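**Q** Sequence and computational prediction follow.
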Amino acid sequence: MEIDTIHNCDCIELMQTSMIVDCILTSPPYNMTNRKGGYADKSKRYDSYDDWKTPEEYIKWSVDIFQLFNKVLAENGTILYNFSYSIENPGLPYQMVSSIINETDFTVADTIIWKKNNSIPHPASYNRLNRLVEFIYVFARKKEMKTFNCYKSVSKVSPKGQKYYNIVNNFVTAKNNDGSCDLNKATYSTELCNKLLSIYTKENDVIFDPFIGIGTTAIACKSMKRHYIGSEISTEQVKYARNKLQ
């Protein structure tokens, strides 16, 4: 599998190949809403993806993708999965994560809270709070819970050889995105990617983003001396990402 490449195809198709990667970092479509108008209007979020399956369809789709992640992810690799919720279905992330744990070889090894610069306000709702944070679920294989890759630096070593590590908090502050793009209104930032990659990967690792969109993960990898493989069904977003990387 050629590295440092964004493939214009469905990730399910790409993962049928012989690729092996050290880490998966992505933000999948959230299956947000079928509502018209506003920030979550599916017709405004992506130029080529219909972001509205039934919850049952979406959960099955997610489980099927994680089954393929198990095929392409190297031993002790991690999956860094950015996911949020919608007003219409705030329970979907928990249903999805539960199904992944119950039906695949993966489990949640950690949960990172991403605090963004700007919140999504709900001024017309008397009981909904502004959404200022999102989750990064850190998945590892169940059999690798004690060995999955994490690169915290050693702070000291005891006389008996016990290592102690510098503290890395699971609360990350980073920009919402790298700027507006009409092709995709649901992107994250290279700042977030950089912080995550610095914890769970090392130089020359191969990072896979199955929903790479306009290329944010690839840009972060390039700046941090990591290799990337991306897949994206949108031809226009692939063109945009390739041009930005050049």
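**A** Looks like it came in fine.
**Q** Can you identify each of the strands in this structure by residue range?
**A** Assigned by DSSP state E, the chain shows strands spanning 5-7, 21-26, 73-83, 106-120, 131-141, 154-157, 163-165, 171-173, 206-209, 227-231.
**Q** can you put these in a markdown table and add distance to residue 181 and mean neighbour count?
**A** From N, CA and C alone the C-beta is placed, and that goes for glycine too. Formatted as a markdown table, the strands of the chain follow (distance: least, C-beta to C-beta, whole Å; neighbours: other C-beta atoms under 10 Å):
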| stretch | distance to residue 181 | mean neighbour count |
| --- | --- | --- |
| strand 5-7 | 15 | 19 |
| strand 21-26 | 17 | 24 |
| strand 73-83 | 17 | 21 |
| strand 106-120 | 16 | 16 |
| strand 131-141 | 18 | 19 |
| strand 154-157 | 40 | 10 |
| strand 163-165 | 38 | 11 |
| strand 171-173 | 22 | 13 |
| strand 206-209 | 16 | 26 |
| strand 227-231 | 16 | 24 |
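**Q** Need those strands in TSV (columns: mean pLDDT and distance to residue 59).
**A** As requested, the strands of the chain are exported to TSV (pLDDT from 0 to 100; distance: least, C-beta to C-beta, whole Å):
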stretch	mean pLDDT	distance to residue 59
strand 5-7	97	26
strand 21-26	98	17
strand 73-83	98	12
strand 106-120	95	14
strand 131-141	96	14
strand 154-157	96	40
strand 163-165	96	35
strand 171-173	97	26
strand 206-209	98	21
strand 227-231	98	21
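**Q** Let me have these in JSON lines, adding distance to residue 148 as columns.
**A** Compiled in JSON lines, the strands of the chain are given as follows (distance: least, C-beta to C-beta, whole Å):
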{"stretch": "strand 5-7", "distance to residue 148": "26"}
{"stretch": "strand 21-26", "distance to residue 148": "10"}
{"stretch": "strand 73-83", "distance to residue 148": "5"}
{"stretch": "strand 106-120", "distance to residue 148": "6"}
{"stretch": "strand 131-141", "distance to residue 148": "4"}
{"stretch": "strand 154-157", "distance to residue 148": "18"}
{"stretch": "strand 163-165", "distance to residue 148": "15"}
{"stretch": "strand 171-173", "distance to residue 148": "18"}
{"stretch": "strand 206-209", "distance to residue 148": "15"}
{"stretch": "strand 227-231", "distance to residue 148": "20"}
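**Q** Next, the contact list for the nearest residue to residue 221 once chain neighbours are set aside, please.
**A** Leaving aside its sequence neighbours, residue 221 sits nearest to residue 228 (C-beta to C-beta, 6 or more residues apart in numbering; 4.1 Å). Contact partners of residue 228, counting by C-beta atoms under 8 Å, 6 or more residues apart in numbering, are 3, 4, 5, 6, 206, 207, 208, 209, 217, 218, 221, 222.
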